[in-house]
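Asker: my questions concern the predicted model and sequence given below.
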Amino acid sequence: MKKVLKSALLLMMGLVMFAACSDDRDDNPTITTPTEFILNTPAIAGNNIDLAHSSTLQLTCSQPNYGFPAATKYNVQISLKEDMSDCATIDQNFYSAKADVDASLLAATLTNLELNAGKSIIGEFDAYKTGHHLNNMLLRALLADSTAYSLVTVDDGVATPAQAHDSTLAPAGVKGIAFVDA
C-alpha cells in the first residue's frame with residue numbers, strides 16, 4: 001500500500017512540475033525603472049536653519065513608481081553646487097518617504113564639503129580621548145556663537161591663512177574658528 005501511495009504522489013508531483021502557463025499575460029508584475037523622483041519642498045525652505053540647535057531636519061519625497069509597491073531605501077545627498085557635481089551622501093538610511101535627517105550628520109557633511117572645496121579651518125582644540133559626542137557638542141557650541149568665528153578670504157600676498165585671520169573678531173580669551181577661502 002505504501003508503494004502505491006508513494007508512486008501516486010510521485011506521479012502527481014511530476015505532473016505539477018511540468019505544468020506551466022501557456023502564455024504570458026500583460027497583467028503580470030514587471031519591474032520598471034522610475035522616470036522621476038520628486039523631493040517635496042520643505043515648508044522652511046526659504047528660512048535659515050540653525051543646525052546647532054536642531055536635532056533633526058525633516059525631508060519628504062514622493063515614492064517612486066516601480067509599477068508595484070516596493071520597499072525602498074532612501075539616502076540623502078547634499079551638495080554645495082546646484083548641479084550636484086560635488087555631492088556627498090549622509091551616512092543615514094531611511095525606509096519611508098519621510099526622512100528625519102540628523103542635524104549633526106548634516107552639519108558634519110556640509111563642513112566636509114566646504115573643506116573639500118578648498119576652505120580650511122583655523123583653530124585649535126587640545127583634548128584627550130574626547131570622542132565624537134564631545135567634539136560634536138564643542139563644535140555646536142562654537143558655531144552657535146557667531147562672534148566666535150569668522151569667514152575670511154585669503155589674499156595671494158598673505159603667507160599663511162593664520163596671518164589673514166583677524167583675532168579681534170573673537171571675544172577676548174576665545175579661540176575661534178574660521179573657514180578660509182584659499
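Answerer: Arrived safely, thanks for sending.

Asker: so which helix or strand takes in the spatially most central residue of the chain?
Answerer: What sits nearest the mean C-alpha location of the chain, by CA atoms, centre = their mean, is I90, with 2.3 Å. Per DSSP states H and E: I90 is located in strand 88-94.

Asker: so which residues of this protein form strands?
Answerer: Here the chain has its strands, by DSSP state E, at 56-60, 74-78, 88-94, 98-102, 119-122, 149-153, 177-181.

Asker: what angle sits between the longest one and strand 74-78?
Answerer: Our comparison of strand 88-94 with strand 74-78, counting by axes from the mean of the first three to the mean of the last three CA atoms, to 10 degrees, yields an angle of 160 degrees.

Asker: relative to strand 98-102, how tilted is strand 88-94?
Answerer: Using the same axes, to 10 degrees: strand 88-94 against strand 98-102 is 120 degrees.

Asker: CA atoms of strand 88-94 as PDB?
Answerer: Extracted C-alpha coordinates of strand 88-94, given in PDB (Å, rounded to 0.1, in the frame of the first residue of the first chain):
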ATOM      1  CA  ALA A  88      28.100  63.700  -0.600                       C
ATOM      2  CA  THR A  89      25.800  61.100   1.000                       C
ATOM      3  CA  ILE A  90      24.800  61.500   4.600                       C
ATOM      4  CA  ASP A  91      25.500  58.300   6.500                       C
ATOM      5  CA  GLN A  92      21.900  57.600   7.400                       C
ATOM      6  CA  ASN A  93      19.300  55.300   5.800                       C
ATOM      7  CA  PHE A  94      15.600  55.900   5.600                       C
END
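
Asker: by mean pLDDT, which helix or strand of the protein comes out lowest?
Answerer: In the chain, no helix or strand scores lower on mean pLDDT, DSSP states H and E than strand 177-181, which sits at a mean of 47.

Asker: most tightly packed of the strands of the chain?
Answerer: Highest mean neighbour count among the strands of the chain (mean count of other CB atoms under 10 Å): strand 177-181, with a mean of 18. The C-beta positions use only the backbone N, C-alpha and C, and glycine is treated the same way.

Asker: chain center to the strand holding I90: distance?
Answerer: 3 Å (CA atoms, centre = their mean, to the nearest Å).

Asker: so in that sheet, which strands flank that strand, and in what orientation?
Answerer: Strand pairing for strand 88-94, using DSSP bridges, gives strand 74-78 (antiparallel).

Asker: L110 is nearest to which of the strands of the chain?
Answerer: Among those, strand 74-78 comes nearest to L110, with 6.6 Å by CB to CB.
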